[in-house]
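A.B. asks: give the three-dimensional model of this entry:
(one chain, ligands or ions: 1)
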Amino acid sequence: MALSQLIRLNMAHIQAKMCSTKSLSSKPTKSSFAKLMKPMKEFKRSRIPKISVVGAGQVGTAISCMLLLRNLTKHLVILDINYELAKAEALDFQQASAFLSDARVVPCGDSANSKNSDVVIITAGARPSGKDRSRLTAMKKTVEILKKAVPKLVELSPKATFIVISNPADVMTYAVQRIAKLPKHRCFTTGCHLDSVRFRNLIANRLRLPPSQVHGYVIGEHGASAVPVWSNVSVAGIRLNDVVKNLACGDDPENWAEINEQVVTGGLAVGKTKGYTNWAVALTCTDIVHAMCGGKGKIASVGTDMQGMHGIKDNVVLSLPSLVTAGGISHVFELPLTDVEQRKLLASADVLLEAQCSLDI
Ligand SMILES: NC(=O)c1ccc[n+]([C@@H]2O[C@H](COP(=O)([O-])OP(=O)(O)OC[C@H]3O[C@@H](n4cnc5c(N)ncnc54)[C@H](O)[C@@H]3O)[C@@H](O)[C@H]2O)c1
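C.D. replies: Below is the predicted model of the structure:
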């Protein structure tokens, strides 16, 4: 048979396979090939992190994509109340599994497939909408979603670390901690880690330096009352505060203070055109998962119940620099703050406490 004929025949065979609905079925077909594969008796598959992403919207799908591209899991569950959506997103990834280190991507509509996850990332929730795109406005709808979804997720994965992305992220983390009675080191939000990278990026742009080489944190609420800690910003070990006179104060001639506003409105600037933000938060979340699943650990401004830190008396979820490692948050750092920063942090805690108290949980 001529080679060209062979190729045509094979192509026809492949096309027929691709068009058949059977080939799209999620169940692998048993084949006589299996007889050639002899199992080793003592073999036990080593545990690879299983991650469930709850919510297959813009944020959940972007997070799934990053986790797969960074090879942080070989077993990803995409869970959405809209099962058809979860199924379509999972299939879309699964079809290119060969480019994703052969990862298994499984859809889920009722939590069952999320059983024994190591990490559960919660993105299900209402997006802020309207003119002000206030995170607090979306709060009530989201808390109702969490009240329904979280107990089952925790029952199925009692040892998992829960990362809450749904906004308002601090208050929703408090809600998840309360609903599921999860320990605070194993239930946290990426919170101000995103604000911190925006902060560093804005400073780096002014200094014309790579953003990764600027150090500094935003603490408090992931939202309007966030506190950029200018007193701690450094580049190459040099504190900006020691070099720039009146840094980010009202009478700062270089007007660094304008960055404060830009940090807080960073999401708005993107959301007003796209209607949502997803890439920056997905990269932020993936950075945290990498710290946990890569085993290296990382200090990042993430949010959990910070009672006792910086004189905070109540159980308030807010962000402070924390060591995130396998198993969650191992340490929280109390930064030396100026009086103004300390006052702003306590004011941010008050804003969050008020929002927490308004929850019906
Ligand atoms: N923390 C952050 O830095 C940050 C950044 C961006 C967005 N967000 C927040 O992330 C959340 C998701 O945003 P989005 O743009 O992906 O919204 P989206 O509307 O695109 O997706 C939300 C998804 O959640 C699903 N869902 C609803 N109830 C569910 C349930 N009970 N179980 C499973 N899935 C359920 C919906 O079907 C939908 O697919 C919002 O609250 C948004 O404000 C947080």
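A.B. asks: in the stretch 101-250 of the chain, which spans are strands?
C.D. replies: Assigned by DSSP state E, counting those that start in this stretch, the stretch 101-250 of the chain shows strands spanning 104-108, 119-122, 161-164, 187-189, 214-215, 218-219, 227-228, 234-235, 238-239.
A.B. asks: mean neighbour count, those: which tops it?
C.D. replies: strand 187-189 (a mean of 29; mean count of other CB atoms under 10 Å). To be clear about C-beta, it is placed using only N, CA and C from the backbone, and glycine gets the same treatment.
A.B. asks: what's the average pLDDT for it?
C.D. replies: Averaging pLDDT along strand 187-189 yields 98.
A.B. asks: next: stretch 73-82.
C.D. replies: 96.
A.B. asks: and it, how far out from the chain middle?
C.D. replies: 14 Å (CA atoms, centre = their mean, to the nearest Å).
A.B. asks: restrict it to CA atoms and write it as PDB.
C.D. replies: Extracted as PDB, the C-alpha positions of stretch 73-82 are listed here (Å, rounded to 0.1, in the frame of the first residue of the first chain):
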ATOM      1  CA  THR A  73      -1.400  19.500  40.900                       C
ATOM      2  CA  LYS A  74      -1.900  16.300  38.900                       C
ATOM      3  CA  HIS A  75      -5.500  16.000  40.100                       C
ATOM      4  CA  LEU A  76      -7.600  19.100  39.800                       C
ATOM      5  CA  VAL A  77     -11.300  19.200  40.500                       C
ATOM      6  CA  ILE A  78     -13.400  22.000  39.000                       C
ATOM      7  CA  LEU A  79     -16.600  22.400  41.000                       C
ATOM      8  CA  ASP A  80     -19.500  24.600  40.100                       C
ATOM      9  CA  ILE A  81     -23.200  24.600  40.900                       C
ATOM     10  CA  ASN A  82     -23.600  24.900  37.200                       C
END
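A.B. asks: contact partners of that stretch?
C.D. replies: 48-57, 60-61, 64, 67-68, 86, 89-90, 93, 101-109, 111, 113-114, 117, 124, 149, 293 (CB atoms under 8 Å, 6 or more residues apart in numbering).
A.B. asks: out of the strands of the stretch 101-250 of the chain, which gets nearest to residue 97?
C.D. replies: strand 104-108 (7.0 Å; CB to CB).
A.B. asks: ranges for the helices of the chain?
C.D. replies: Listed in chain order, the helices of the chain (DSSP state H) span 3-19, 58-69, 83-94, 139-156, 169-180, 192-207, 240-243, 258-264, 266-274, 279-293, 339-357.
A.B. asks: how about the closest residue to the ligand within the stretch 1-150 of the chain: what's its closest non-neighbour residue?
C.D. replies: Distances between the stretch 1-150 of the chain and the ligand by CB to the nearest ligand atom are smallest at residue 57, namely 1.8 Å. Closest residue in space to residue 57, ignoring its immediate chain neighbours: residue 123 at 6.6 Å, by CB to CB, 6 or more residues apart in numbering.
A.B. asks: at the contact with the ligand, which residues of the stretch 1-150 of the chain appear?
C.D. replies: Within the stretch 1-150 of the chain, the residues that sit near the ligand (CB under 6 Å from any ligand atom) are 54-60, 79-82, 85, 123-125, 127-128, 138, 142, 145, 148-149.
A.B. asks: closest to residue 276 out of the strands of the stretch 101-250 of the chain?
C.D. replies: Closest among the strands of the stretch 101-250 of the chain, using CB to CB: strand 119-122, at 16.3 Å.
A.B. asks: and that closest one, what other elements does it pack with?
C.D. replies: strand 50-54, helix 139-156, strand 161-164, helix 279-293 (3 or more CB pairs under 8 Å, 6 or more residues apart in numbering; DSSP states H and E).
A.B. asks: rebuild these as JSON lines, extending it with mean pLDDT.
C.D. replies: Listed next are those as JSON lines, based on pLDDT from 0 to 100:
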{"stretch": "strand 50-54", "mean pLDDT": "98"}
{"stretch": "helix 139-156", "mean pLDDT": "95"}
{"stretch": "strand 161-164", "mean pLDDT": "98"}
{"stretch": "helix 279-293", "mean pLDDT": "97"}
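A.B. asks: nearest to residue 225, out of those?
C.D. replies: Short answer: helix 139-156, nearest of the helices and strands packed on strand 119-122 by CB to CB, at 15.0 Å.
A.B. asks: show me what the closest one is packed up against.
C.D. replies: Secondary elements touching helix 139-156 (3+ CB pairs under 8 Å, 6+ apart): strand 50-54, strand 119-122, helix 169-180.
A.B. asks: I'd like to know how many residues surround the nearest residue to residue 286 once chain neighbours are set aside.
C.D. replies: Computed as CB to CB, 6+ apart, the closest residue to residue 286 that is not its neighbour in sequence is residue 66, at 4.0 Å. The number of residues packed near residue 66 is 21, by other CB atoms under 10 Å.
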